[in-house]
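[1] Could you work out the structure for the sequence below:
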Amino acid sequence: MLEHAQAAERRDMPPDPAPSLFPARSSEAINSLAHYHRAEIGRMAGWRDRIDRTTNWAITVVAAMLSVSLSTPSAHHGVLLFAMLIVLLLLATEARRYRFFDVYRARVRLIERNHFSRLFDPAAPYDPDWPRLLAADLRAPRFLLTRRAAMSRRLRRNYGWMFIILLLAWMLKISSTKLQQPGIHFEFAHTVGEVVGNAALGVIPGPFVIAAVAAFYAWLLYAILHNPRAVGELAHGEVHM
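    Predicted structure coming up:
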C-alpha cells in the first residue's frame, strides 16, 4: 500500500522544470559570445564570397565582349551596348548581396568594437548599449543600407571602372568608320555626322542611341558622386568594402 501511495504522489507532482539555456557563469557567457562571433564571421565571409563571384562574372563579361567587339572588324557596336546591360544587371545583383553582407559585417564589428577591443585596452571608449542593439537586430533583422547606397558603393569600388572601359570601347567603335569593315585599314570618322550615323542601332537612329547612352552614364556619374553620410559601422574606420 505504501508503494502505491508513493507512486500516486509522484504522478501528481509537476514535472521538473527544464534546465535553463542561458549561461549561469561568466565563463559560459564568454564561451557563447565567442561561438556566436565565429558564426557571424562565417555568414559574413559567405556573403563576401558571393560578392566576389559577381564581380568576377562582370569582369569576365567585359573582357569577353571587348574581345568579340574589337578583335572582329565586322562586329557591331551593339555588342558593347549589350555588355553594358549585362554589367548593370550584375551590379544590381551585387548591390543586393552587399546589403546582406553589410548586415552581418555590422554585427561582427559591433562585437569587436565594443567587446574584444576592450580586452586589449580596457580604457577604450565603447557603447554600453551594444548588447541591446545586437539583441534588437537579432529579433528583427533589417537592412542598414538602401539599394541606392549599395549600388553607389559598388560603383565606386569596381563597376565604375568597368563602365568607363565599355564606354571608351564603344566610342572607339562608332568613331572608326573602317573598323567595322573587313579588309580595310583602320580609319577614324572625319565628321560628327559619320559618328552619329555609325551609332545607329537597327531601326533606332544614331542620335537616339547616343542620347540614351549619355543619359545612362549621367545617371551612373550621379550615383558615383552621390555619397550619403556614413552611418552605423561605416562611420568607424576606413577599412570598408
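[2] how close does the most centrally placed residue in the chain get to Gly78?
    With distances taken as CA atoms, centre = their mean, Tyr98 lies nearest the centre of the chain, 2.5 Å away. According to CB to CB, to the nearest Å, Tyr98 stands 30 Å off from Gly78. C-beta coordinates here come from the backbone N, C-alpha and C atoms, glycine included.
[3] Equivalent analysis for Phe216, please.
    Phe216 is 14 Å from Gly78, by CB to CB.
[4] so Tyr217 touches Phe163, yeah?
    Yes. With contact defined as CB atoms under 8 Å, Tyr217 reaches Phe163; the gap is 7.2 Å.
[5] low-confidence ranges in this structure?
    1-24, 177-190, 228-233, 235-237, 240-241 (pLDDT under 70).
[6] Let me see the ranges of the helices in it.
    Using DSSP state H, the helices assigned to the chain run over residues 2-12, 26-71, 78-111, 117-120, 130-139, 147-154, 160-174, 192-198, 206-225.
[7] so how many other residues sit close to Arg53?
    Here the number of neighbours of Arg53 (other CB atoms under 10 Å) works out to 13.
[8] Sorry, wrong one. I was asking about Ala135.
    Ala135 has 9 neighbouring residues, counting by other CB under 10 Å.
[9] and what of Ser175?
    Residues near Ser175, counting by other CB under 10 Å, number 17.
[10] what's the answer for Ala215, then?
    Using other CB under 10 Å, Ala215 has 10 neighbouring residues.
[11] Distance of it relative to Tyr222?
    Counting by CB to CB - Ala215 and Tyr222 are separated by 11 Å.
[12] Looking at the helices of the chain, which is nearest to Leu234?
    helix 78-111 (8.1 Å; CB to CB).
[13] Now do the closest one: distance to the chain's middle.
    Relative to its chain's centre, helix 78-111 lies at 3 Å (CA atoms, centre = their mean, to the nearest Å).
[14] Quick one: list the elements packing against it.
    If you count contacts as 3 or more CB pairs under 8 Å, 6 or more residues apart in numbering; DSSP states H and E, helix 78-111 packs onto helix 26-71, helix 130-139, helix 147-154, helix 160-174, helix 206-225.
[15] Nothing else from me, thank you.
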